[in-house]
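Visitor: how would this look folded up:
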Amino acid sequence: MEVISVTCALIFANEKVLCAQRSETMTLPELWEFPGGKIEEGESPEACLIREIKEELAISISLVSTLLPNEHSYIQGKVIRLIPFVCIWRSGEISLLEHKEVKWLNKDELETLNWAPADIPIVNELLENWNNIQRQLVGYTRKE
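Guide: As a prediction, this is how the structure comes out:
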């Protein structure tokens with residue numbers, strides 16, 4: 001079975017997280033996800049995520065921590081291993097270079113979106129740990 005490692009960013013600003021809607025030209029069109037992408041050969045997950053967010057949204061981020069990876073099979077014989085990172089938005093203006101739309105949502109709004117199946121366990125973990133993540137983000141920004 002082929003396992004494809006993919007990163008995703010839970011990008012926070014002002015106690016809200018960035019959610020991205022896949023465009024009509026992407027697989028799983030119009031479903032919502034945390035943006036990111038496939039790890040290239042020889043690339044670390046961290047480097048991948050920084051590159052992918054720059055390519056997809058034209059912004060810079062800082063990685064704060066990780067959540068539990070999630071494995072999901074969309075196609076028989078292929079498994080996506082989705083590696084989520086808690087991040088903060090550093091700089092740049094968001095440009096929709098691949099996605100149809102983005103939204104900044106608070107905890108209570110996350111379950112209103114139609115999420116890509118691989119992202120659902122990450123949404124659930126985020127909801128369960130929202131307050132701890134917010135404290136972690138405050139501590140991270142104070143250290144800088």
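
Visitor: how about the helices in the protein?
Guide: Ranges of helices in the chain, per DSSP state H, are 45-57, 120-128, 130-143.

Visitor: the last one - contacts with which helices or strands?
Guide: The reference is to helix 130-143. strand 2-13, strand 60-66, strand 78-91 (3 or more C-beta pairs under 8 Å, 6 or more residues apart in numbering; DSSP states H and E). (Each C-beta comes from the backbone N, C-alpha and C, glycine too.)

Visitor: dump these into JSON lines; add mean neighbour count as well.
Guide: Formatted as JSON lines, the helices and strands packed on helix 130-143 follow (neighbours: other C-beta atoms under 10 Å):
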{"stretch": "strand 2-13", "mean neighbour count": "20"}
{"stretch": "strand 60-66", "mean neighbour count": "16"}
{"stretch": "strand 78-91", "mean neighbour count": "19"}
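
Visitor: just send those back as JSON lines, with mean pLDDT and distance to Glu109 too.
Guide: Output for these, formatted as JSON lines (pLDDT from 0 to 100; distance: least, C-beta to C-beta, whole Å):
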{"stretch": "strand 2-13", "mean pLDDT": "95", "distance to Glu109": "14"}
{"stretch": "strand 60-66", "mean pLDDT": "96", "distance to Glu109": "21"}
{"stretch": "strand 78-91", "mean pLDDT": "95", "distance to Glu109": "18"}
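
Visitor: which of the helices of the chain sits most buried?
Guide: helix 45-57 (a mean of 19; mean count of other C-beta atoms under 10 Å).

Visitor: quick revisit: and the helices of the chain, which one averages the lowest pLDDT?
Guide: Of all those, the minimum mean pLDDT falls on helix 130-143 (a mean of 86).
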